[in-house]
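Student: okay, sequence plus prediction incoming.
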4 protein chains.
Amino acid sequence: MKLWGGRFSKPTDKLVEQFSASLPFDKRLYWEDIEGSLAHTKMLGAQGIITDKDADAIRGALMEIRLAIEADDFDFDLADEDIHMAIERALIDKIGPAGGKLHTARSRNDQVATDMRLHLKRTLIVIAGEVAALQETFLALAEEHRDTVLPGYTHLQRAQPIFLAHHLLAYVFMLDRDAEKLKNCYQEADVMPLGSAAMAGTPLPIDRESVAKELGFSRLSDNSMDAVSDRDWLISFTAAAAQIMVHLSRLSEELIIWSSAEFDFVEIDDSHTTGSSIMPQKKNPDVAELVRGKTARAISNVTGILTLLKGLPLTYNRDLQEDKIYLFETIDIVSSCLAVTRGMVGGLAVNVERMAEAAGGFAVATDYADYLVVKGLPFRMAHDVVGRLVRFCLENDKEPVDLTLEELQTFDRRFAADALSLSDPKRSAAARISPGGTGSESITSQLKTARIKLDELQEWVSSGSTLA
Amino acid sequence: MKLWGGRFSKPTDKLVEQFSASLPFDKRLYWEDIEGSLAHTKMLGAQGIITDKDADAIRGALMEIRLAIEADDFDFDLADEDIHMAIERALIDKIGPAGGKLHTARSRNDQVATDMRLHLKRTLIVIAGEVAALQETFLALAEEHRDTVLPGYTHLQRAQPIFLAHHLLAYVFMLDRDAEKLKNCYQEADVMPLGSAAMAGTPLPIDRESVAKELGFSRLSDNSMDAVSDRDWLISFTAAAAQIMVHLSRLSEELIIWSSAEFDFVEIDDSHTTGSSIMPQKKNPDVAELVRGKTARAISNVTGILTLLKGLPLTYNRDLQEDKIYLFETIDIVSSCLAVTRGMVGGLAVNVERMAEAAGGFAVATDYADYLVVKGLPFRMAHDVVGRLVRFCLENDKEPVDLTLEELQTFDRRFAADALSLSDPKRSAAARISPGGTGSESITSQLKTARIKLDELQEWVSSGSTLA
Amino acid sequence: MKLWGGRFSKPTDKLVEQFSASLPFDKRLYWEDIEGSLAHTKMLGAQGIITDKDADAIRGALMEIRLAIEADDFDFDLADEDIHMAIERALIDKIGPAGGKLHTARSRNDQVATDMRLHLKRTLIVIAGEVAALQETFLALAEEHRDTVLPGYTHLQRAQPIFLAHHLLAYVFMLDRDAEKLKNCYQEADVMPLGSAAMAGTPLPIDRESVAKELGFSRLSDNSMDAVSDRDWLISFTAAAAQIMVHLSRLSEELIIWSSAEFDFVEIDDSHTTGSSIMPQKKNPDVAELVRGKTARAISNVTGILTLLKGLPLTYNRDLQEDKIYLFETIDIVSSCLAVTRGMVGGLAVNVERMAEAAGGFAVATDYADYLVVKGLPFRMAHDVVGRLVRFCLENDKEPVDLTLEELQTFDRRFAADALSLSDPKRSAAARISPGGTGSESITSQLKTARIKLDELQEWVSSGSTLA
Amino acid sequence: MKLWGGRFSKPTDKLVEQFSASLPFDKRLYWEDIEGSLAHTKMLGAQGIITDKDADAIRGALMEIRLAIEADDFDFDLADEDIHMAIERALIDKIGPAGGKLHTARSRNDQVATDMRLHLKRTLIVIAGEVAALQETFLALAEEHRDTVLPGYTHLQRAQPIFLAHHLLAYVFMLDRDAEKLKNCYQEADVMPLGSAAMAGTPLPIDRESVAKELGFSRLSDNSMDAVSDRDWLISFTAAAAQIMVHLSRLSEELIIWSSAEFDFVEIDDSHTTGSSIMPQKKNPDVAELVRGKTARAISNVTGILTLLKGLPLTYNRDLQEDKIYLFETIDIVSSCLAVTRGMVGGLAVNVERMAEAAGGFAVATDYADYLVVKGLPFRMAHDVVGRLVRFCLENDKEPVDLTLEELQTFDRRFAADALSLSDPKRSAAARISPGGTGSESITSQLKTARIKLDELQEWVSSGSTLA
């Protein structure tokens, strides 16, 4: 018989039992569920709502149950529906009717919301740690490649020469924003719903503050109806994870393109590629492709959780059971993708010569325009002059580096001898010294900023780890 | 060493191996994978590409492997990446180098596309069978409730009286469209990619027609590059499944609302509801809520597969591995939801009195307007007259049934004695005899049409079952 | 000829011109575009990159152009592609070649990112103001209904009696989280990309700090490649807007259900409903339905922007032009829905009697269990006792209020005379005094907390308004 | 006063009027709306429900209104809410009370569903015509490039040499599936809801068959409740459009990559590219990028319509008004993208030499393995041999073409003199003669198949055009 079965005259249909059980996936919350029950029991005892003896018995049994689960020595039964009922039943089996006191002043509605928030808080620390580790990897590679020049692209067309460090730092700053969002998620998750009971609160003299303190929550939920219905923190987490995945997918796309024979900018390490079952020469950037592919799943999880919540009347509705599917899957995707991306980036072999070669050619064209601007020509006219110069090159199969001073001057008399150096991509990149630009001072400054932010992040992760 | 490892100098990173393996989920394709290999082997032998002896050895071993898997006596090793490699390795372990001949003129690219299409074809028969069974359930209930009157709703406001059979038949016709889409999916899936090899075809003298015949495919793919890249059939299937789920979610919403104490139109059987961990009186329509919730997942799976495919260059990219996640999950959602919905609908207790009561009141207002139209008043003016009549009722706390002929005539002289019967909801419903309307002849005709279509569907399912 | 046409030998195809132009929608950015150009010009002059005379001429002309646009006296030409080119061309038309100096050290890539961030910042203040106004409306209604009792629902089943104020406060706290997210979006948007030029920075001696100060940006972007590619702030905004819409959709669903004849809890004012073209009695909750419907669009906009960004290589790609569609549409949806919802909530007529009636019956069942718990029965057993008591009532067509003390005692001897008052829903609600519960002290405390937070929000909105 | 305003005592709020009006976008349906009304009027007259005189007056006035709208001489007033009311009001203004007879036995619920289906049917013919035209363009290019060899890619790694015609044909077959889906959509849309009235049918003696015939509908809806709620055909259309866009996005991605300086496989015509506002050398594949970008929108429209429909109770709910946004936007996206893609593909300059060069190198590796298979080596061992051969080449900076017979034989004694020709990519491609492969016979056969299917499609489009 179900623990809630008093008013029912028929058992649950077997198919329904299987259909509606969340136990197969929510058992992942066992640790948090027991942690929450321990804190709740302690409070019930302290407030005299249950006797100290009962509280002690419950606590002891819960700890045994946790050990049993961790030792894979716990009998999960689908008929228990969910992890909460599974544990409560085991508790009653162990200590008899006193076990039935655990659920005093509590409902599965506030219990599961508490479990999930605890779980996400712990997980966010881990994910933020992965973000930091990936940033560390990028920074190390950037330090190595402060002088490696390659074309920066817009529209996948060579645009202007840049240093590879600058390109890599772009990802560091993306990840910095990701870390900020993860921290915001942590803030949002850090609110305790426990004590909201079914949705109206309880007449029993509970002490929510002490439970929150015990569980490491900073705040209490303000309104019990809202508390059991609210999954906003999950919207935020799935959106933050999707943002991270979008960043990783952009990097993956670049690594896939850069690994092509045509680009040949990088080689991904054998350990992070796979071969073909039929073509013996193939070495495929599978990891990057899978990361890109899993981004679709992360995106669809945002769609899913929002669509799930749309139009639900207050308060708890069983639809919400599905929230865990989005939570767990999103955690798994983002954690694993950050980890494998780190390995992939860390093992990249950069083809410095090939990059330099590609940075030559027309990518320096803007420098010619900027040169004319300094000599007083309005930018829009300078742009036009250089546009015609480029067309001349294309029609005559030349590149800027091939142009003589005389040729340059047929386009504009302002070109002088120093204009001949404009075709050097390294000079071009080094000259873009504006704050945030690819010029060397800017890179130094970016590296410094990035390091400071990363240190802060690592600090946050460390302090969170001790806590959780 | 990987079977494709010849050109590699380093093993795959352990984390990458775990990250990239599809074996944990694609082993679900073992039956189709072996089926495809058996047909492929037979053809290789018949064409003289491999010897009959080798072909026999391979076939024998494959059948043993299948039995082993079905007996849960097969050692799945994550290092094998996927079900294809797992089986090929087992084959080579069993019969030595001859096993290495199986993969002649084949690639995992065409192999997996073939496996998935086979799997979907089999599954579609099952899902269509579930659709038919649910239609059967609705039809039985509709037959029972040809005279049960209730309000039809627009905007969740009582609109016009209808018969419950009419309401239930709406779902039968939705499911009929669903079945059509499933059949279309079947057509789309019924194309064999095998023989496309990696993506360019093969120089070996294969016979694709015979393999297709063996595997029950009606057509061959036309272009090998398209064949290994194409997942359109999966777009169609996820969209069809989402449509089914949207229909089931609409029904679920109605059952949830109808089960509320305020509506009290139906009672869901104890076997298809659950109780509350805290509130002893609760009997919750959990099944309906879960179906509604899982609809969000089905929708997000359409988003996911489309987003996965967007912008992928030809031909096979590893991103495609994720397709199976959408395929399998969508199958599971739609199959289980159809099944539990059938149980839920089959066990509904209909509160006929309560429905009749609700169908009274103002739901008959259009009948007064139609009455005046028949008497020659333009509809728009008749609408206005009855609008004022309704306002009069509301202000005087009356319902149409309470109005005397004198009162009616103060609104329009055209009202005669027979207008007094307009307030009867059953009369109203019975009068709506236009084709497709709720009137009794129409219901008879709908039941007949629905039965014919359902018979055809069941015929299709039966013939498909023998085939698969 | 296009302003960028120097290297081209053929004009743009007419269809392509129409297809690719963003002018029809991005002209909405004219104010910000000119604001940015004014600040840029001032800096170019101050840094001596252009002469003061040119700077003055440009500034004067830009201000004239802005007035012309505002007076609807500006000739938008699709051939100009976008608002940036339209304004630059008008500038050159007005003041000749000097106008061609405006685009010095700038690209459309950093320009459009700046425009959009400015636009979003201004808009966020407005939307936050709408959130505050809606909270104000809820608070006023909550104050009025501190004693109005109605059932709280889980699974749309009556669960426990609550006060309407408590229910309304749930929405106030949801909106409070929404406001927090809007503020976070503001922080994210408050970073100036201008000065990143095409994507590599510029060799010209620009002063980004002064421009940022002029435009009211708190920070500079750190990396120019990231700056022109980054649309994370738009992910955040669409996600925040979707969250707001999810909240409004939940409210809408409730109002739709509550407006049904069966619930009859509220009546939406005539001014916020519409009638039927055919059924004269209908009064439909159209506003609520449209808000619910537009939620789907807001959700799909999150899907869209994420899918747009997935897998784009650095840096700017033309795909990004589509970002504005998501931005503008999301702004329009969320602003208008907040405004009409406010009107709808403000005009609600609450049916206090009907709510009270519904709160009776079985919603008080938990109170009987809690009573037994206080008397020492373990909760799980108390739950079971009351479950059987409920079944007894159902089978005998009684409600808790009908039970005599003798009857109660047949279920448990612990029931004493004071148990007879347990059936009063107001007593039940008032007793749930735990923090966040529906009890009166809790409501007082919630109202206070909500007021403090709302004051802070209004303060933020006011200070932002002066600024923008 | 609203035409439905009889029972209302207050006018609609101005903001609500603006918020809820669909007129700004649904006026696009004016043609179909009047077409439907003409057919409805004719039937009402023929059935004697209204007099012939009234029918004539209504028909005349409707035709005048249509001319006025087409001459841009019609006064649209937001207060009319939608196109249906705007036209009905104009009708009554023109001919007085008789105009009020048009809406007899009809509701906006069945009317709008009819209008939209008519609109989609007409539009599908146009879109299918665009698909056919794009196929024509691909076929012409394929004919031209039957001998142009390039690498086929998997994982964006060179896999095996193919002919460009084969690659282009892959898109022809994708578009063929797209056309099939459009035809299925047509079938689905080709069902007339008119006559369902509000949702229950009508007691008036209407003749639905004759109206359907007049409007060109093949079938009548079976159930009036379903008829006014059903938007399945829109799910299908948005999904079909998303599939088309996914195909176009894959092509776009390839053209973007192929246009990069590194690949340099194709040059997009100046007429279909744009320049940079800052970098004079740039020529950007904007059209391809925008097509890829708009794919995100098409995908999000599938998400949106499904999310809109989820969980709506029967029958019509105002949420459905939003359906038109998805319909119209999807039509515009898919039509324009097909058209510009056609222009872009038609104007491609193919760099035949560069492609041939890229097809050399390692792309022929599979041919060495196939060679050994023919000589009797099991494929898996042949794969391994060639894998080691590839590694040898990489380590010694050689390509297969550089290997001597002696070198080959150190890997396997089976290599004979004829193995030296294996390095020729054209030979490799030509040899893959299996059905659907890239070999020349296969291409001939594919071209033939494609032509037959295209002729059928064009036939369908032509016959549809006359009809619509």
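Tutor: Great, that's in hand. Numbers count the residues shown, from 1 in each chain, chains lettered A, B, ... in the order given.
Student: spit out the contact partners of A:Ala382.
Tutor: A:368-373, A:412 (C-beta atoms under 8 Å, 6 or more residues apart in numbering or on different chains). (Each C-beta comes from the backbone N, C-alpha and C, glycine too.)
Student: now the strands for the stretch 51-200 of chain A?
Tutor: A:149-154, A:157-163, A:191-192 (DSSP state E, counting those that start in this stretch).
Student: out of these, which gets nearest to D:Glu267?
Tutor: Evaluated with C-beta to C-beta, those place strand A:157-163 nearest to D:Glu267, the distance being 11.7 Å.
Student: got the contact list for that closest one?
Tutor: Taking C-beta under 8 Å, 6+ apart as the rule, strand A:157-163 contacts A:145-153, A:358-359, A:361-364, A:366-367, A:425-426, A:428-429, A:432, A:438, A:440, A:443, C:198-200, C:225, C:315, D:259-261, D:276, D:279, D:282-285.
Student: on that earlier part again, of the contacts of A:Ala382, just say which sits nearest to chain D.
Tutor: Of all the contacts of A:Ala382, chain D sits closest to A:Ala369, with 5.8 Å by C-beta to the nearest C-beta.
Student: quote the end-to-end distance of stretch A:434-443.
Tutor: 10 Å (C-alpha to C-alpha, to the nearest Å).
Student: so is it next to chain C?
Tutor: Yes. Judged by C-beta under 8 Å from any C-beta of the partner chain, stretch A:434-443 and chain C are in contact via A:434-439, A:442.
Student: so how far is that stretch off the chain centroid?
Tutor: Taking C-alpha atoms, centre = their mean, to the nearest Å, one finds the center of stretch A:434-443 at 28 Å from the center of the full chain.
Student: who touches it?
Tutor: So stretch A:434-443 is contacted by A:142, A:146, A:152, A:160-163, A:165-166, A:169, A:429-433, A:445-446, C:105, C:195-197, C:200-204, C:206, C:208-209, C:220-225, C:227 (C-beta under 8 Å, 6+ apart).
Student: what mean pLDDT does it get?
Tutor: The average pLDDT for stretch A:434-443 rounds to 96.
Student: likewise for stretch A:267-283?
Tutor: Mean predicted confidence for stretch A:267-283 is 85.
Student: got the angle between the lengthiest helix in chain A and strand A:157-163?
Tutor: Secondary structure of chain A per DSSP state H: the longest helix is helix A:108-144. Between helix A:108-144 and strand A:157-163, the angle comes out at 70 degrees (axes from the mean of the first three to the mean of the last three C-alpha atoms, to 10 degrees).
Student: report all helices and strands that helix A:108-144 contacts.
Tutor: helix A:30-46, helix A:83-95, helix A:164-189, strand A:191-192, helix A:224-229, helix A:232-258, helix A:323-346, helix A:440-467 (3 or more C-beta pairs under 8 Å, 6 or more residues apart in numbering or on different chains; DSSP states H and E).
Student: next, format the ones you listed as TSV and append distance to A:Gly60 and mean neighbour count.
Tutor: Output for the helices and strands packed on helix A:108-144, formatted as TSV (distance: least, C-beta to C-beta, whole Å; neighbours: other C-beta atoms under 10 Å in any protein chain shown):
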stretch	distance to A:Gly60	mean neighbour count
helix A:30-46	10	22
helix A:83-95	8	22
helix A:164-189	30	24
strand A:191-192	24	24
helix A:224-229	29	30
helix A:232-258	33	26
helix A:323-346	29	21
helix A:440-467	25	16
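Student: what subset of the contacts of strand A:157-163 is buried?
Tutor: A:145, A:148-153, A:358-359, A:361-364, A:366-367, A:425, A:428-429, A:432, A:438, A:440, A:443, C:198-200, C:225, C:315, D:259-261, D:276, D:279, D:282-285 (16 or more other C-beta atoms under 10 Å in any protein chain shown).
Student: residue contacts, A:Ile34?
Tutor: A:62-63, A:65-66, A:87 are the contacts of A:Ile34 under C-beta under 8 Å, 6+ apart.
Student: how near is it to A:Gln111?
Tutor: 11 Å (C-beta to C-beta, to the nearest Å).
Student: got it, and A:Asp54?
Tutor: 19 Å.
Student: out of these two, which sits in the busier spot?
Tutor: The neighbour comparison of A:Asp54 against A:Gln111 (other C-beta atoms under 10 Å in any protein chain shown) goes to A:Gln111, with 28 against 22.
Student: ok, A:His119 - contacts?
Tutor: A:His119 touches A:28-29, A:31-32, A:327, counting by C-beta under 8 Å, 6+ apart.
Student: which two in those are spaced the farthest apart?
Tutor: So, those by C-beta to C-beta: farthest apart are A:Trp31 and A:Leu327, at 14.8 Å.
Student: so A:Lys324 sits against A:Met116, correct?
Tutor: Yes. A:Lys324 sits in contact with A:Met116 when judged by C-beta atoms under 8 Å, with a separation of 6.9 Å.
Student: mutual contacts of those two, please.
Tutor: With C-beta under 8 Å, 6+ apart, A:Lys324 and A:Met116 have common neighbours A:Leu29.
Student: let me have the strands of the stretch 51-200 of chain A in TSV, adding mean pLDDT as columns.
Tutor: Formatted as TSV, the strands of the stretch 51-200 of chain A follow (pLDDT from 0 to 100):
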stretch	mean pLDDT
strand A:149-154	97
strand A:157-163	96
strand A:191-192	98
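Student: for these, give me JSON lines that also has distance to A:Ala242.
Tutor: Formatted as JSON lines, these follow (distance: least, C-beta to C-beta, whole Å):
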{"stretch": "strand A:149-154", "distance to A:Ala242": "24"}
{"stretch": "strand A:157-163", "distance to A:Ala242": "28"}
{"stretch": "strand A:191-192", "distance to A:Ala242": "23"}
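Student: wait, which of the ones you listed is closest to A:Thr41?
Tutor: strand A:191-192 (15.6 Å).
Student: so which of the strands of the stretch 51-200 of chain A gets nearest A:Gly216?
Tutor: strand A:191-192 (9.2 Å).
Student: before we move on, what SS does A:Gly376 have?
Tutor: At A:Gly376 the chain is in coil, as set by DSSP: H, G, I helix; E, B strand; the rest coil.
Student: tell me how many other residues surround it.
Tutor: 11.
Student: confidence score at it?
Tutor: Taking A:Gly376 on its own, its pLDDT is 90.
Student: show the contacting residues for it.
Tutor: Here A:Gly376 is in contact with A:Arg414 (criterion: C-beta under 8 Å, 6+ apart).
Student: get me the contact residues on the stretch 251-400 of chain A for chain D.
Tutor: Checking the stretch 251-400 of chain A against chain D by C-beta under 8 Å from any C-beta, the hits are A:256-257, A:259-263, A:275-286, A:289, A:303, A:306-307, A:310-311, A:358, A:361-363, A:365-366, A:368-369, A:383-387, A:389-390.
Student: out of these, which are inside helices?
Tutor: Using DSSP H, those in helices are A:256-257, A:286, A:289, A:303, A:306-307, A:358, A:365-366, A:368-369, A:383-387, A:389-390.
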